[in-house]
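Let me see the structure of the following:
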Amino acid sequence: MENKYEFDEKGNVNNIIKKNRRNKLYLFIVLGIILFQIIIIIILKINDYNSNDNNSLNQSENNISNIILNETNINNNSIPNSSEVNETINDNNQIIDNQINNTINSTNTDQSENINNTNIENNNSKFDTPISNNNSRIKNINLIKNIISANNLEREYNHEPITNITIETNHLDPTLKLKIAFISDSHIDPDNPKKRPFEKNLYNSFLNLKSQNIDIIIFGGDLCDVCSENAFKKFLNIYESVFPKNESNPILLLTMGNHDYYPSKNKNYTNYEAQDLFEKIFKVKHQNHTIINNYHFILWGNQHIDYDYANSNIRWFDEEIQYILKNQNTTFNNSIKNPIFIVTHFPPRDTSFRSEFWGSFDVINALYKYNNIINLCGHSHASLIDENSINQKYFTVINGQAISRVTVDFAENNIDVPTDEYGSDEFSYENYMGVIIEIRNDKINVKRIFLNDGTFYDKEWNFNLPLNQNNFIYDDRRIQFVNPPYFEFDDNENKSYIEIIKKVINGTERFHMKFKQAVHDNFVYGYNISFIKMNFLGKKNNTNKEILKNKYDIYNGYQGPIKESFVYKDENNNYIEIRNFTYFYISDFFLKKKDRKKYITLLINEELEKGEYKVVIKAFASYKILSINNITEKIFLG
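This is a model prediction of the structure:
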């Protein structure tokens with residue numbers, strides 16, 4: 001027999017060799033155990049996959065038969081109703097202010113902002129849009145199972161059944177298929193310490209939309225100025241005071257905005273608590289997918305204050321879009337030319353007006369590849385009178401302005417609220433606007449409506465269906481057709497075009513500057529005004545301090561005030577300091593044409609010291625198109 005052992009010089013078994021062989025044996029045993037575990041895991045995965053595949057096959061078979069899980073008649077008592085309104089309007093002769101006070105008082109009875117999380121409803125079950133409100137216009141509601149499911153690492157954004165609603169439209173025009181109103185940013189304050197008229201603006205908006213025979217009202221977020229149960233309830237009560245239950249009302253679709261997550265003084269909600277509060281009160285998911293008369297509406301809500309979307313939320317949206325594309329020929333979406341409506345609070349970055357500073361990169365990255373969508377967005381508060389409030393650079397973006405107030409800026413984090421000659425911003429609350437979208441057989445008409453009185457802006461936006469880049473007309477090519485504004489001058493070279501006026505404001509004497517507005521075929525957006533002052537320093541330069549602050553190129557940034565200073569020598573070797581202060585002023589362009597003033601009076605910044613100045617006034621229109629001439633004069637403040 002072959003010797004299996006090796007011996008040392010003394011005839012004993014070699015322990016080192018024996019130990020090495022024993023270690024090899026242990027290694028083989030460990031590897032065998034690991035291999036056995038891997039085989040078991042693979043077998044379990046295969047069985048789980050087969051089980052899921054059988055479920056998917058069953059769901060697919062149901063999908064072939066429209067995969068309708070539940071058909072519910074709108075008169076069924078199982079559909080939940082929103083909370084009762086304490087007082088509603090009786091007749092149209094009732095005063096608006098009294099009605100607003102009644103609806104606000106009805107919510108002030110419960111001032112508690114502390115909500116026990118255990119009392120918040122589990123919102124994974126079926127929702128009624130409240131909103132449907134036992135609406136007699138609705139013929140039926142179906143729930144369509146979305147067979148895509150997301151495996152999310154953050155909060156679970158499950159794909160709820162898609163609500164498929166069929167409504168009756170009673171438009172006299174047979175080519176009019178749907179009439180949609182889009183409004184945004186009411187900023188209802190639970191306490192309203194500044195007594196701003198935002199509740200009244202919301203009430204007037206709903207009231208004037210009611211007379212337009214609207215089929216769907218879409219709200220683009222920032223219902224509240226801060227997250228508050230009281231503010232959410234104020235919004236719902238104001239809506240129901242105009243659209244009482246059991247009437248033929250429009251469908252109301254809602255999404256959340258960044259201010260709907262802001263902490264209130266009474267409670268700091270987490271992001272998830274804010275979403276649960278919204279869903280509890282409005283009986284609808286903060287992001288949801290609804291089909292109405294064959295048109296898809298995806299309300300893609302943001303999850304927090306910031307512009308960045310969570311990865312799970314981006315996946316949710318992308319999979320909802322993919323679901324539509326994979327089911328283009330099903331009975332609930334039988335027309336491929338029907339545009340898909342995507343509602344976001346944040347506008348896509350670098351598209352519509354102000355989105356270069358207030359837009360989201362996540363939104364543009366998710367949407368740019370699709371032509372056949374209409375993105376309705378809020379947040380910017382940009383006036384709808386600006387023609388770049390619609391943009392078709394990649395797809396169709398429509399800005400919703402704000403029914404609270406207009407704000408404008410030309411640089412990041414530099415918000416300007418329009419003010420009058422007394423420094424008051426109250427007139428920025430006037431002429432709040434929205435859009436009415438009319439879907440016809442082969443085209444879409446977009447009308448801009450003043451919601452304070454129900455009148456319309458005189459220019460419409462119209463585009464053909466189906467939407468694709470071949471028929472986009474509202475893209476950046478429009479810039480080349482924008483004419484520059486200009487100032488009108490007389491032949492008299494000695495005529496002064498600037499008037500300095502002293503007025504007392506809050507007990508303090510302030511300087512104002514009055515001049516005739518520039519002329520433009522659309523509107524003058526605002527003015528850049530430079531105040532240039534010369535200081536004679538004599539034979540010595542004693543200016544050792546640094547005066548240069550916030551230096552920006554006026555033609556790029558439009559950020560102000562721009563303050564700059566430099567010193568030079570004249571021909572007599574005298575030092576002269578030049579100080580330049582440039583300010584950005586907003587015109588009254590966002591008012592109706594009949595309300596815009598021929599002469600504009602501006603409040604001069606009080607940091608300007610008394611003395612003589614050279615003033616240069618430049619006007620500009622949309623797309624920052626500067627005027628072809630300027631007003632240049634010397635003035636004296638003193």
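
burial of Ile498, as a residue count?
Neighbourhood size, Ile498 [other C-beta atoms under 10 Å]: 16. From N, CA and C alone the C-beta is placed, and that goes for glycine too.

Could you report the distance from it to Gly526?
Computed as C-beta to C-beta, to the nearest Å, the Ile498 to Gly526 distance reads 17 Å.

again with Ile342
Where Gly526 is concerned, Ile342 sits at a distance of 31 Å (C-beta to C-beta).

Over to Ser186?
Applying C-beta to C-beta, the value for Ser186 to Gly526 is 26 Å.

For those two, work out which one has more neighbours and name it.
Neighbour count, other C-beta under 10 Å: between Ser186 and Gly526, Ser186 has more, with 29 against 23.

Verify the stated contact: that one with Phe235.
Yes - applying C-beta atoms under 8 Å, one finds Ser186 in contact with Phe235, separated by 6.6 Å.

Need the residues touching each of those two.
Leu202, Leu223, Cys224 (C-beta atoms under 8 Å, 6 or more residues apart in numbering).

between the residues you listed, which is closest to Asn302?
Closest approach to Asn302 among the shared contacts of Ser186 and Phe235 (C-beta to C-beta): Leu223, at 13.3 Å.

quick one: Phe566 from Leu608, how far?
Phe566 is 18 Å from Leu608, where distance means C-beta to C-beta.

The two - which one has more neighbours?
Applying other C-beta under 10 Å to Phe566 and Leu608 shows that Leu608 carries more neighbours, namely 16 against 12.

what about the closest residue to the more buried one other than its chain neighbours, which SS state?
Here the nearest residue to Leu608 in space, its sequence neighbours aside, is Phe531; by C-beta to C-beta, 6 or more residues apart in numbering that works out to 5.9 Å. Here Phe531 is recorded as strand under DSSP: H, G, I helix; E, B strand; the rest coil.

Name all residues that make contact with Phe531.
Neighbour list for Phe531: Asn580, Phe581, Thr582, Tyr583, Ile604, Leu608, Tyr613, Lys614, Val615 [criterion: C-beta under 8 Å, 6+ apart].

Most neighbours among the residues you listed, which one?
In terms of neighbours by other C-beta under 10 Å, the contacts of Phe531 top out with Tyr613 at 23 neighbours.

Next one: the closest residue to it other than its chain neighbours relative to Val504, how far apart?
Closest residue in space to Tyr613, ignoring its immediate chain neighbours: Phe531 at 4.6 Å, by C-beta to C-beta, 6+ apart. According to C-beta to C-beta, Phe531 and Val504 sit 22 Å apart.

ok, now Ile604?
Ile604 is 14 Å from Val504, by C-beta to C-beta.

what about the residue nearest to Tyr307 when sequence neighbours are not counted, how many neighbours?
Distances taken as C-beta to C-beta, 6+ apart place Ser360 nearest to Tyr307, at 4.4 Å, with adjacent residues excluded. Ser360 has 22 neighbouring residues, counting by other C-beta under 10 Å.

What does the pLDDT read for Ser360?
Confidence at Ser360, expressed as pLDDT, is 88.

for the one 4 residues further on, same thing?
On the pLDDT scale, Ile364 is placed at 92.

List the contacts of it.
Ile364 makes contact with Pro348, Arg349, Asp350, Thr351, Tyr394 under the criterion C-beta under 8 Å, 6+ apart.

could those go into CSV alongside pLDDT, secondary structure and distance to Ala619?
Listed next are the contacts of Ile364 as CSV, based on pLDDT from 0 to 100; DSSP: H, G, I helix; E, B strand; the rest coil; distance: C-beta to C-beta, whole Å:
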residue, pLDDT, secondary structure, distance to Ala619
Pro348, 93, strand, 30
Arg349, 90, coil, 28
Asp350, 87, coil, 25
Thr351, 88, coil, 26
Tyr394, 92, coil, 31
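
okay if I get the residues you listed as JSON lines plus neighbour count?
Formatted as JSON lines, the contacts of Ile364 follow (neighbours: other C-beta atoms under 10 Å):
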{"residue": "Pro348", "neighbour count": "26"}
{"residue": "Arg349", "neighbour count": "18"}
{"residue": "Asp350", "neighbour count": "15"}
{"residue": "Thr351", "neighbour count": "28"}
{"residue": "Tyr394", "neighbour count": "20"}
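
so can I have a markdown table of those showing distance to Gln480?
Converted to a markdown table, those look like this (distance: C-beta to C-beta, whole Å):
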| residue | distance to Gln480 |
| --- | --- |
| Pro348 | 23 |
| Arg349 | 23 |
| Asp350 | 18 |
| Thr351 | 18 |
| Tyr394 | 19 |
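
Most widely separated two among those residues?
Arg349 and Tyr394 (10.9 Å).

which residue sits closest to Asp521, ignoring its sequence neighbours?
Distances taken as C-beta to C-beta, 6+ apart put Asn483 closest to Asp521, at 5.7 Å, once the chain neighbours are dropped.

you'd agree the one you found is in a strand?
No - counting by three-state DSSP, one finds Asn483 to be coil, located in no strand.

Can you report how many residues neighbour it?
Asn483: 12 neighbours (other C-beta under 10 Å).

and it, what pLDDT?
As predicted, Asn483 sits at a pLDDT of 92.

which ones are touching it?
His520, Asp521, Ala621, Ile625.

Now list the buried members of these.
Among these, those scoring as buried are His520, Ala621, Ile625 (criterion: 16 or more other C-beta atoms under 10 Å).

mind checking which helix or strand Ala619 is in?
strand 611-620 (DSSP states H and E).

what is the rounded mean pLDDT of whichever helix or strand comes after that strand?
Using DSSP H and E, the helix or strand that follows strand 611-620 towards the C-terminus is strand 631-637. Regarding strand 631-637, the rounded mean pLDDT is 93.

Counting by contacts, list what strand 631-637 packs against.
When contacts are defined as 3 or more C-beta pairs under 8 Å, 6 or more residues apart in numbering; DSSP states H and E, strand 631-637 packs onto strand 499-505, strand 508-516, strand 611-620.

hmm, 10 Å instead?
Judged by 3 or more C-beta pairs under 10 Å, 6 or more residues apart in numbering; DSSP states H and E, the packing partners of strand 631-637 are strand 499-505, strand 508-516, strand 526-538, strand 611-620.

Please work out which of those is packed deepest.
Neighbour counts (mean count of other C-beta atoms under 10 Å) averaged over each of the helices and strands packed on strand 631-637 peak at strand 611-620, with a mean of 19.

Run the chain-centre distance for it.
36 Å (C-alpha atoms, centre = their mean, to the nearest Å).

Check which helices and strands it sits against.
Using 3+ C-beta pairs under 10 Å, 6+ apart as the test, strand 611-620 ends up in contact with strand 508-516, strand 526-538, strand 575-586, strand 631-637.
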